[in-house]
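sequence? don't have it. structure:
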């Protein structure tokens, strides 16, 4: 089985990517390679942040790897939280506080459209590649469902009457932003 280093410490993302990949690859996390640092994400876009993390691993650990950055872009909030998705309500990265702030900020807004975007950066054999995935949807006025993580309880993808948090992981991964970006990565690796 081929090994892939995934430049993240986020256990939820690791679990989701493992589910998407199945038995195709063994996923190695930052913890597995001994990287305890909180890798900076200082770029103004998702692709830049993903590349920044992948380059960090290559530079400090001399390993080919892939990294991703994901964000929620809410139309009525001018694309926020965007690259600040994980830290929208503060540096604590509290998912409940983040969701509550989005809901509060949309309280008097009619347009509740939003999208999740994922950029995956792959560093392989000295070359850089970026794969993106997007899913359009709406922000619910309250949380619903207990599966998933992050903003899943308030994001309802277009064409569905369930939030991501109300879907089983297989259904979510087929249509999600991360699932779509991972499919492009897999197609490239084949």
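Received, thanks. All of these numbers come straight from a predicted model, not from anything done at the bench.

helix or strand for the most centrally placed residue in the chain, which one?
Nearest residue to the geometric centre of the chain (Cα atoms, centre = their mean): residue 70, 3.4 Å. Per DSSP states H and E: residue 70 is located in strand 65-74.

what's the helix or strand just after that strand in contact with?
For strand 65-74, the succeeding helix or strand toward the C-terminus, using DSSP H and E, is helix 95-105. Contacting residues not belonging to helix 95-105 are listed as 72, 74, 77, 80-81, 85-86, 88-90, 139, 141-143, 149-151, 153-154 [Cβ atoms under 8 Å, 6 or more residues apart in numbering]. C-beta: built from backbone N, CA, C; applies to glycine.

let me know the angle separating helix 95-105 from strand 65-74.
Calculated by axes from the mean of the first three to the mean of the last three Cα atoms, to 10 degrees, helix 95-105 forms an angle of 30 degrees with strand 65-74.

picking that back up, distance of the residue nearest to the centre of the chain from residue 142?
Per Cβ to Cβ, to the nearest Å, residue 70 is found 23 Å from residue 142.

repeat that for residue 77.
Distance from residue 77 to residue 142, by Cβ to Cβ: 17 Å.

these two: which is more packed in?
A count of neighbours by other Cβ atoms under 10 Å puts residue 77 above the other of residue 77 and residue 142, at 19 against 9.

that one contacts residue 107, doesn't it?
No. Residue 77 is beyond contact range of residue 107, at 11.4 Å (criterion: Cβ atoms under 8 Å).

was I right about residue 177 contacting residue 117?
Yes. Counting by Cβ under 8 Å, residue 177 touches residue 117, with 5.8 Å between them.

from one end of stretch 165-179 to the other, what's the distance?
Across stretch 165-179, the terminal residues are separated by 15 Å (Cα to Cα, to the nearest Å).

mind checking how far that stretch is from the chain centre?
With Cα atoms, centre = their mean, to the nearest Å as the basis, stretch 165-179 stands 12 Å off its chain's centre.

show me the contact partners of that stretch.
13, 16-17, 19-20, 68, 70, 115-118, 133-135, 143-148, 152-153, 157, 160, 164.

that one: which residues count as buried?
Buried residues in stretch 165-179, counted by 16 or more other Cβ atoms under 10 Å: 165, 166, 167, 169, 171, 172, 173, 175, 176, 177, 178, 179.

compile these into TSV and extend it with columns for secondary structure and pLDDT.
What follows is the buried residues of stretch 165-179, written out as TSV (DSSP: H, G, I helix; E, B strand; the rest coil; pLDDT from 0 to 100):
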residue	secondary structure	pLDDT
165	helix	98
166	helix	98
167	coil	97
169	helix	94
171	helix	96
172	helix	97
173	helix	95
175	helix	97
176	coil	97
177	helix	98
178	helix	96
179	helix	96
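
and of the residues you listed, the nearest to residue 61?
Of all those, residue 178 has the smallest distance to residue 61: 23.4 Å, by Cβ to Cβ.

ramachandran angles for the residue lying closest to residue 6 once chain neighbours are set aside?
With Cβ to Cβ, 6 or more residues apart in numbering as the criterion, residue 6 has its nearest non-adjacent residue at 5.1 Å, and that residue is residue 27. Phi and psi for residue 27, reported as degrees, to the nearest 10, are phi -90, psi 130.

all set, thanks.
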